[in-house]
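Asker: got a structure for you, letters missing:
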């Protein structure tokens, strides 16, 4: 049974005029007549009694009208429910973040999305660096709050740069470097150096090695870490030294000493990333809201904050 034929039948009963109903439906009168005839043939009974001057519902027509109205109400309700589910599923924005970056930036991200993209439901996930990037590239999260360490996804994602940090040497409290003005990269040669885990943080491991000039200087890892809290614990326990963003001193300054690196161009760029196609998959103003938080050009992103 064609649902639109049923809808045309119900509309026809409101004015009992084929010509008026056809105009209202933007179809020809002959087409409307064919549709009603097809409906009657399927039901095996006449719905209208017609003569040259008038038409009226038959007993079957009056009974069918009650059920037809219920059928159309149920059909329209089902379509509305499906549309609502589809709309809701498209408007969930999954944001993955590095824990320490999240502590600083998530309050502002949450605030600006609430102000400028209130129709978006946001889900937050704290992830280790390697898993964060994997989930972004595999579309298991929509946005990543992370640090830029490589060009691996440059052509696939959009970036909004929030801030730049310098890297510092991070050593146990009381270490001989603690009161130095700067630490040379060559000073790391004779130290136990804790590297990012190459399995969990492959890009970070490579960037770390480059920042230390590890290959040229022959600096080798004495241990590995999977996140900043575990790194700081290892350093506090005297298991080695490392490098980290200088803004970590705000949180971990009582566990470790942070000393500037000399002659190092290594920078930590904190940014938001999302795939270009995500802007089409999830409608709304969320991307414009996130772009307003920083710079989309790496040459002009904000410098580090003063502590």
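Answerer: Okay, I see it. Computed from a prediction, not measured in an experiment: that's the story for all the values here.
Asker: drop to CA atoms for contacts and neighbour counts, all remaining ones
Answerer: OK.
Asker: for residue 240, phi and psi?
Answerer: Phi and psi for residue 240, reported as degrees, to the nearest 10, are phi 160, psi -170.
Asker: distance of the residue nearest to it when sequence neighbours are not counted from residue 115?
Answerer: Once flanking residues are discounted, residue 240 sits nearest to residue 192: 4.7 Å by Cα to Cα, 6 or more residues apart in numbering. Computed as Cα to Cα, to the nearest Å, the residue 192 to residue 115 distance reads 48 Å.
Asker: more crowded one of the two?
Answerer: Applying other Cα atoms under 10 Å to residue 192 and residue 115 shows that residue 192 carries more neighbours, namely 17 against 12.
Asker: is it true that the more buried one touches residue 234?
Answerer: No. Shown here, residue 192 and residue 234 do not form a contact pair, counting by Cα atoms under 8 Å, at 11.3 Å.
Asker: quickly list what's touching both of those two.
Answerer: With contacts defined as Cα atoms under 8 Å, 6 or more residues apart in numbering, the residues shared by residue 192 and residue 234 are residue 240.
Asker: next up, phi/psi of residue 95, please.
Answerer: Here is the backbone geometry of residue 95 (degrees, to the nearest 10): phi -110, psi 120.
Asker: what's the neighbour count on it?
Answerer: 22.
Asker: thought it was touching residue 127?
Answerer: No. With contact defined as Cα under 8 Å, residue 95 does not reach residue 127; the gap is 10.1 Å.
Asker: tell me the confidence at residue 42?
Answerer: The model reports residue 42 with a pLDDT of 94.
Asker: what's the helix or strand for it?
Answerer: Element membership for residue 42, per DSSP states H and E: helix 29-43.
Asker: same for that helix, what does it pack against?
Answerer: Judged by 3 or more Cα pairs under 8 Å, 6 or more residues apart in numbering; DSSP states H and E, the packing partners of helix 29-43 are helix 3-15, helix 18-25.
Asker: how about the residue nearest to residue 240, phi and psi?
Answerer: phi -80, psi 110.
Asker: and stretch 190-205, which residues are buried?
Answerer: 192, 193, 194, 195, 196, 197, 200, 201, 203, 204, 205 (16 or more other Cα atoms under 10 Å).
Asker: and what of stretch 3-15?
Answerer: By neighbour count on 16+ other Cα under 10 Å, the buried set for stretch 3-15 is 5, 6, 8, 9, 10, 11, 12, 13.
Asker: may I have the strands that pair with the helix or strand following the helix holding residue 42, each with its orientation?
Answerer: Sequence-wise, the next helix or strand downstream of helix 29-43 (DSSP H and E) is strand 48-50. Applying DSSP bridges, strand 48-50 is found paired with strand 55-57 (antiparallel).
Asker: pLDDT of the strand it pairs with, averaged?
Answerer: Mean predicted lDDT for strand 55-57 stands at 93.
Asker: what comes up buried for it?
Answerer: Judged by neighbour count (16+ other Cα under 10 Å), strand 55-57 contains these buried residues: residue 57.
Asker: stretch 120-134 now?
Answerer: Neighbour count says stretch 120-134 has 120, 122, 124, 126, 127, 128, 129, 130, 132, 133 buried, by 16+ other Cα under 10 Å.
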